[in-house]
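# model this:
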Amino acid sequence: MMQDKKAIAVIGSTGSIGRQTLDVISQHEDKFSVEVLTANSQADLLVEQALRFNPNCVVIADKSLYPKVRDALSDTYIKVFAGSESIDDAVQMESVDVVVTAIVGFAGLSPTVKAIRKGKIIALSNKETLVVAGEHITALAAQYNVPILPIDSEHSAIFQSINGEYCNKIKRIYLTASGGPFRTKTQSELEKVSVREALNHPNWSMGKKVSVDSASLMNKGLEMIEARWLFGVSPSQIEAVIHPQSVIHSMVEFEDGCLKAQLGIADMRLPIQYALTYPQRMTNNSEPFDIYKYGSLTFEQPNRRLFPCLDLAYRAIEHGGNMPAILNAANEVAVNAFIKGYIRFVDIPYVIEKSLSDFHFIQNPLLDDLFETDDTVRRTLENKITELTK
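From the prediction side, this is the model:
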């Protein structure tokens, strides 16, 4: 049972997962306190959150916005810092118990590493951390005896399904996917889709980057790599399955052929709360799941020809080394270019595939190598896209 309040650091508090995390905390303020809030550039919302939750400190990554946040909080005792290095410092504070990595992209790797080395519990939403450096992160977590509790709905479902099954081997994991907004599109239709259409997810409310990843099925590829490290299985044991209703959040098959699944409404606050309260379950104000609402649950195989990002993720993890880091950096740059209107939706997998072939492969990278790989891929691709748009 939970006794004292847990002090929470929410890294990326102004994003979709960060806001929902604070909503969960607001429902259980007798169990949780907010110690740290960080944001990239949404200064106004960060200030609003700080005034509501009264953390020890806030960090705005964009240093140009520091004066704005500092002045807005000058009448409080809340400390204000700026820059990514300050985020790394904040997660290491002695007063922090749990670090919620709600930040999106490669930027989540460094603070996660710092937090693990300080023995903080990690509530992981930032899948890119394990995609890029899964071997290093899992080894660090074991070295410092740090639990990594998944927040992604799929990985939370797997985590809940294997709870109590510690002596039983996993035969297969089924990662469910809604299929995104383009599940029934043709190749010619995909060549014409707009950013607005890509951001219009049929079931989930997510940020821009994750929404585009979901539309391309790269999100499922990244989740496959994340699951490989979280649950100690091989990529061949993980299968993506399209489940348009988004009711079953993932399934685990054991050696005897039994499948266990976790069902629920499409509400990220449920896996967030489970990670924060584990191993205890607590009440919440989410809509109850109505089993009679769904006449049927359907499943289908993903169309890998139209959505090649899924196979690119398998290719990257099978090669190993720094290949997943190349995959992730190329995807982040390509998605950002698509959102800005520089490239088409169908160009995203092309950019990624070419990057996997073009950039230097390192079989046994150190953490520093992974940071360098990300920087090299990102700078090279961004320069090429800038040249194309001139």
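
# what's the burial count for K169?
Look at K169: counted by other C-beta atoms under 10 Å, it has 10 neighbours. Where you see a C-beta, it was placed from the backbone N, CA and C, and this is true even at glycine.

# got the phi and psi for it?
phi -70, psi 140 (degrees, to the nearest 10).

# shouldn't I348 be in contact with S216?
Yes. Here I348 lies in contact with S216, judged by C-beta atoms under 8 Å, at a distance of 5.6 Å.

# between the two, which has more neighbouring residues?
The neighbour count for I348 versus S216, taken as other C-beta under 10 Å, is higher for S216 (29 against 26).

# could I get the pLDDT score of that one?
On pLDDT, S216 comes in at 96.

# what's near enough to touch the closest residue to it other than its chain neighbours?
For S216, the nearest residue in space outside its immediate sequence neighbours is C309; the separation is 4.7 Å by C-beta to C-beta, 6 or more residues apart in numbering. C309 makes contact with S216, L217, M218, G221, N331, I348, P349, I352 under the criterion C-beta atoms under 8 Å, 6 or more residues apart in numbering.

# picking that back up, shared neighbours of I348 and S216, anything?
When contacts are counted by C-beta under 8 Å, 6+ apart, I348 and S216 are jointly contacted by C309, V335.

# make TSV out of the contacts of C309 and add distance to V104 and secondary structure.
TSV is the format used below for the contacts of C309 (distance: C-beta to C-beta, whole Å; DSSP: H, G, I helix; E, B strand; the rest coil):
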residue	distance to V104	secondary structure
S216	15	helix
L217	18	coil
M218	13	helix
G221	16	helix
N331	12	helix
I348	16	helix
P349	20	helix
I352	17	helix
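
# helices along the stretch 151-300 of the chain, start to end?
Using DSSP state H, counting those that start in this stretch, the helices assigned to the stretch 151-300 of the chain run over residues 153-162, 187-190, 195-198, 208-216, 218-231, 269-277.

# the longest one relative to helix 208-216, how many degrees between them?
Translated: helix 218-231. An angle of 100 degrees separates the directions of helix 218-231 and helix 208-216 when computed by axes from the mean of the first three to the mean of the last three C-alpha atoms, to 10 degrees.

# helix 218-231 to helix 153-162, inter-axis angle?
Our comparison of helix 218-231 with helix 153-162, counting by the same axes, to 10 degrees, yields an angle of 30 degrees.

# can you pull out the strands in this protein?
Remark: strands assigned in the chain by DSSP state E are 6-11, 32-39, 57-60, 79-82, 98-101, 121-124, 148-150, 170-177, 238-242, 248-254, 259-263.

# reformat those strands as a markdown table; add mean neighbour count and mean pLDDT.
Below are those laid out as a markdown table (neighbours: other C-beta atoms under 10 Å; pLDDT from 0 to 100):
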| stretch | mean neighbour count | mean pLDDT |
| --- | --- | --- |
| strand 6-11 | 26 | 97 |
| strand 32-39 | 25 | 98 |
| strand 57-60 | 27 | 98 |
| strand 79-82 | 19 | 98 |
| strand 98-101 | 26 | 98 |
| strand 121-124 | 24 | 98 |
| strand 148-150 | 23 | 97 |
| strand 170-177 | 21 | 97 |
| strand 238-242 | 20 | 97 |
| strand 248-254 | 22 | 97 |
| strand 259-263 | 17 | 96 |
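
# would you format those strands as JSON lines with distance to P67 included?
What follows is the strands of the chain, written out as JSON lines (distance: least, C-beta to C-beta, whole Å):
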{"stretch": "strand 6-11", "distance to P67": "22"}
{"stretch": "strand 32-39", "distance to P67": "15"}
{"stretch": "strand 57-60", "distance to P67": "10"}
{"stretch": "strand 79-82", "distance to P67": "9"}
{"stretch": "strand 98-101", "distance to P67": "27"}
{"stretch": "strand 121-124", "distance to P67": "31"}
{"stretch": "strand 148-150", "distance to P67": "36"}
{"stretch": "strand 170-177", "distance to P67": "43"}
{"stretch": "strand 238-242", "distance to P67": "46"}
{"stretch": "strand 248-254", "distance to P67": "43"}
{"stretch": "strand 259-263", "distance to P67": "46"}
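
# out of these, nearest to D374?
Using C-beta to C-beta as the measure, strand 98-101 is the one of the strands of the chain that comes nearest D374, at 16.5 Å.

# which elements pack onto the closest one?
In terms of contacts (3 or more C-beta pairs under 8 Å, 6 or more residues apart in numbering; DSSP states H and E), strand 98-101 is packed against strand 6-11, helix 16-27, helix 109-117, strand 121-124, helix 269-277.

# low-confidence ranges, the stretch 101-250 of the chain, go.
Of all residues in the stretch 101-250 of the chain, those with pLDDT under 70 make up the ranges 203-205.
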